[in-house]
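>>> fold the following and give me the result.
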Amino acid sequence: MSEPLTTPGEGFHPHLHDTAGQPASPLRTRLHHVRADALDGDTAQTGGMRRFAAVSGRTVGSEKLWMGQTHVAPSTSSSDHHHGESETAIYIVSGHPEFVFLDDSGPQSEEIRLRTSPGDYIFVPPFVPHREENPDPAEEAVVVIARSTQEAIVVNLPRLYALQAEVAVAPADFPG
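Here you go, the predicted structure:
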């Protein structure tokens, strides 16, 4: 290993700056450092939670990723919601938040509660209704979230269960 792997000043991937003859956006040609005190609270919100963006299209110019923090206050439950087409990965930083969803894969639907601890991960597939709860009366729960979309998609729902078209049936339609 007498030869250096790269020439000083040479990038590891110099071709990344040449995209079909178009110059790269200034946001896409350097690393970004988002300090903890610079998180953006102007994101989609759900009742009972506070979301803060760190990496998003608006903060750093990301095109396929959103990442940030969510804080759930003690003795709080979020509203029921889903994240649209976005895949969501969650890392538990502190507290013991619980994630509640409806498992309708069996003969009867069943509400499932995932109890977590710091260091645990949760994966939320696209369009799956769920809610976060923090049953601890004293400690805030903090999680780090990464999403496969540029921004934090949040669709608040009136209930946990998947919404289905309701069919109106008049009493005269029933025999007897």
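
>>> tell me the bridge partners for the closest residue to Ser56 other than its chain neighbours.
Nearest residue to Ser56, sequence neighbours excluded (C-beta to C-beta, 6 or more residues apart in numbering): Trp66, at 5.1 Å. (C-beta placed from N, C-alpha, C; glycine too.) Beta-bridge partners for Trp66, by DSSP bridges, are Arg147.

>>> shouldn't Gly68 be in contact with Ala36?
No: contact criterion C-beta atoms under 8 Å: Gly68 and Ala36 do not qualify, at 11.2 Å.

>>> give me the more crowded residue out of these two.
More crowded of Gly68 and Ala36, by other C-beta atoms under 10 Å: Gly68, with 22 against 8.

>>> tell me the confidence at the more buried one?
Looking at Gly68, its pLDDT is 90.

>>> so what's it up against?
Residues near Gly68 by C-beta atoms under 8 Å, 6 or more residues apart in numbering: 39-40, 43, 51-56, 144-145, 152.

>>> would you state the helices of this protein in chain order?
When assigned using DSSP state H, the helices of the chain occupy the ranges 57-60.

>>> just give the nearest non-adjacent residue to Val93, would you?
Nearest one to Val93, counting by C-beta to C-beta, 6+ apart, is Val142 at 4.4 Å.

>>> how about Met67?
Closest to Met67 by C-beta to C-beta, 6+ apart is Val55, at 4.0 Å.

>>> so what's the one you found up against?
32, 34, 62, 65-68.

>>> could you list the residues in contact with stretch 101-115?
Residues contacting stretch 101-115 (C-beta under 8 Å, 6+ apart): 96, 98-100, 122, 128-130, 160-162.

>>> now that stretch: buried residues?
101-102 (16 or more other C-beta atoms under 10 Å).

>>> send the alpha carbons of it over as PDB?
Only the C-alpha atoms of stretch 101-115 are listed here, as PDB (Å, rounded to 0.1, in the frame of the first residue of the first chain):
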ATOM      1  CA  PHE A 101     -52.500  -1.000  15.300                       C
ATOM      2  CA  LEU A 102     -55.300  -3.200  14.100                       C
ATOM      3  CA  ASP A 103     -54.200  -6.700  12.900                       C
ATOM      4  CA  ASP A 104     -56.900  -7.900  10.600                       C
ATOM      5  CA  SER A 105     -55.000 -10.800   9.100                       C
ATOM      6  CA  GLY A 106     -56.800 -13.500  11.100                       C
ATOM      7  CA  PRO A 107     -60.400 -14.500  11.300                       C
ATOM      8  CA  GLN A 108     -61.200 -11.700  13.800                       C
ATOM      9  CA  SER A 109     -59.600  -8.200  13.900                       C
ATOM     10  CA  GLU A 110     -57.400  -7.700  16.900                       C
ATOM     11  CA  GLU A 111     -55.900  -4.500  18.400                       C
ATOM     12  CA  ILE A 112     -52.200  -5.100  18.900                       C
ATOM     13  CA  ARG A 113     -50.000  -3.100  21.300                       C
ATOM     14  CA  LEU A 114     -46.200  -3.100  20.800                       C
ATOM     15  CA  ARG A 115     -44.500  -2.100  24.000                       C
END
